[in-house]
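Engineer: coords please:
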Amino acid sequence: MENTDWSALGFDYRKTDCNVRYTYTDGKWSDMIVTEDEYIHMHMSASCLHYGIELFEGLKAFRGVDGKVRLFRVEDNARRMQSSAKRLCLPVPSVEMIVNACIEVVKRNERFIPPYGTGASLYLRPVMFGTTVGLGVKPSKEALLIVYCSPVGAYFKSGIAPIRVAIDREQDRAAPRGTGDVKVGGNYAASLLSGEKGHEMGYSNIMYLDAAEHKYIEECGAANFFGIKEGKYITPKSPSVLPSITNMSLRQLAADMGLEVEQRHIPVEELPTFEECGACGTAAVISPIGYIYDMQTGESYNYGDQVGKNCLELYTRLQDIQYGRAEDKYGWCTIVL
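Structural biologist: This next block holds a predicted model:
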């Protein structure tokens, strides 16, 4: 990848050399297939196209300070993918299948792994579709599992910085006991309308409240929310929040820093009491929140235009593990190359 300005990459798809696939037919998974084809041949009546029987994952590979390439928490992503498949009544791939596919994709696309020091990384997207042909809402007996990758740039081009967030009380992202706790496409489609409204108003992200009572903080766009106060790292506990692997990691690192970790309901009225707030996920790791505006009540919460010390330390500690600058004492990284 000569002459590539890695630091200028955004978060978008960029063609690589190949992807890998498995198909499920006649009650069994195929062997892994490696292909250069970026397209899918699918019947117009495939179940994923009509009934949303589709799920995906997202994770990254990093070229470290030592030159080694690390996949971050790939087995956790594989287990979460299994959970999504079970919820959608799709054939469940094994953890080994998913992990092997991710490793193969990284190895075969090594030239697209950004160099250390550019802030860029290789993003992997495992995605699975129900492909049974027919009409009527019923489980899909056939499936297609693909893992592809794309180099992506640093989320914050000029260093980690606070974002502006808006609360939308008029639209719900996911219902209690629905599919909010699994990574399926419908959850993201449901967020587009309020997301566009927020962007038009100058906000980077939308904060959603619980769909049952509209009293408690749930997710922050496509990311988990956390707040810090009185020596505590506090994050929502809800059946409709996706169990973020980044959040899992940050909770452990917060405990290592001496913070008390709480997973509980967070009333929206608690926002003024937080010293720091953030959104966390694979793309940005942490997006510190500098300002929150409630679109319906007109209330606002200002946390300042500087990154809080706890957010910065958590961000640094996690990136140090991902890039091999610190000991991986929890075994989160799989060294691929």
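
Engineer: which stretches of the stretch 51-200 of the chain have low pLDDT?
Structural biologist: Counting by pLDDT under 70, the stretch 51-200 of the chain has low-confidence residues at 158.

Engineer: how about the strands in it?
Structural biologist: Taking DSSP state E, counting those that start in this stretch, the strands of the stretch 51-200 of the chain run over residues 54-56, 59-63, 69-72, 121-130, 143-152, 163-167.

Engineer: what distance separates the third one from the middle of the whole chain?
Structural biologist: Put plainly, it is strand 69-72. Centroid separation for strand 69-72 versus its chain: 16 Å, with CA atoms, centre = their mean, to the nearest Å.

Engineer: The fifth one now?
Structural biologist: The chain centroid and the centroid of strand 143-152 are separated by 14 Å under CA atoms, centre = their mean.

Engineer: The fourth one too?
Structural biologist: Averaging C-alpha coordinates over strand 121-130 and over its chain gives two centres that are 11 Å apart (CA atoms, centre = their mean).

Engineer: Am I right that Cys311 is in a helix?
Structural biologist: Yes: under DSSP: H, G, I helix; E, B strand; the rest coil, Cys311 falls within a helix.

Engineer: any idea how far the nearest residue to it once chain neighbours are set aside is from Ile53?
Structural biologist: What sits nearest to Cys311 in space, not counting adjacent residues and going by CB to CB, 6 or more residues apart in numbering, is Pro288, at 4.5 Å. Placement of C-beta: from N, CA and C, glycine included. Counting by CB to CB, to the nearest Å, the gap from Pro288 to Ile53 is 36 Å.

Engineer: do Leu135 as well
Structural biologist: According to CB to CB, Leu135 stands 13 Å off from Ile53.

Engineer: got it, and Tyr293?
Structural biologist: Distance from Tyr293 to Ile53, counting by CB to CB: 37 Å.

Engineer: Which of the two has more residues huddled nearby?
Structural biologist: Using other CB atoms under 10 Å as the criterion, Tyr293 and Ile53 rank with Ile53 on top: 26 against 19.

Engineer: what sits opposite the nearest residue to that one once chain neighbours are set aside in the beta ladder?
Structural biologist: Distances taken as CB to CB, 6+ apart place Gly130 nearest to Ile53, at 3.3 Å, with adjacent residues excluded. Counting by DSSP bridges, Gly130 is bridged to Ala143.

Engineer: burial count for Gly130?
Structural biologist: Gly130: 27 surrounding residues under other CB under 10 Å.

Engineer: For stretch 126-144, C-alpha coordinates in PDB please.
Structural biologist: Presented in PDB, the C-alpha positions along stretch 126-144 are these (Å, rounded to 0.1, in the frame of the first residue of the first chain):
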ATOM      1  CA  PRO A 126     -18.200 -10.400  10.400                       C
ATOM      2  CA  VAL A 127     -21.700 -10.300   9.000                       C
ATOM      3  CA  MET A 128     -24.300 -13.000   8.700                       C
ATOM      4  CA  PHE A 129     -27.500 -13.300   6.600                       C
ATOM      5  CA  GLY A 130     -30.500 -15.600   6.500                       C
ATOM      6  CA  THR A 131     -30.700 -16.700   2.900                       C
ATOM      7  CA  THR A 132     -33.700 -19.000   2.800                       C
ATOM      8  CA  VAL A 133     -35.900 -18.300  -0.200                       C
ATOM      9  CA  GLY A 134     -39.600 -17.900   0.400                       C
ATOM     10  CA  LEU A 135     -42.400 -15.800   1.800                       C
ATOM     11  CA  GLY A 136     -43.600 -15.700   5.400                       C
ATOM     12  CA  VAL A 137     -41.900 -14.900   8.700                       C
ATOM     13  CA  LYS A 138     -40.100 -18.000   9.900                       C
ATOM     14  CA  PRO A 139     -36.500 -19.000  10.800                       C
ATOM     15  CA  SER A 140     -34.000 -19.200   8.000                       C
ATOM     16  CA  LYS A 141     -32.700 -22.700   7.300                       C
ATOM     17  CA  GLU A 142     -29.800 -21.400   5.200                       C
ATOM     18  CA  ALA A 143     -27.300 -18.700   6.000                       C
ATOM     19  CA  LEU A 144     -24.200 -16.900   4.700                       C
END
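
Engineer: Buried residues in that stretch, which are they?
Structural biologist: Judged by neighbour count using 16 or more other CB atoms under 10 Å, the buried positions of stretch 126-144 are Pro126, Val127, Met128, Phe129, Gly130, Thr131, Thr132, Ser140, Lys141, Glu142, Ala143, Leu144.

Engineer: Any chance of those in a markdown table with distance to Trp29 as columns?
Structural biologist: A markdown table is the format used below for the buried residues of stretch 126-144 (distance: CB to CB, whole Å):
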| residue | distance to Trp29 |
| --- | --- |
| Pro126 | 14 |
| Val127 | 16 |
| Met128 | 11 |
| Phe129 | 14 |
| Gly130 | 14 |
| Thr131 | 13 |
| Thr132 | 15 |
| Ser140 | 14 |
| Lys141 | 13 |
| Glu142 | 11 |
| Ala143 | 9 |
| Leu144 | 11 |
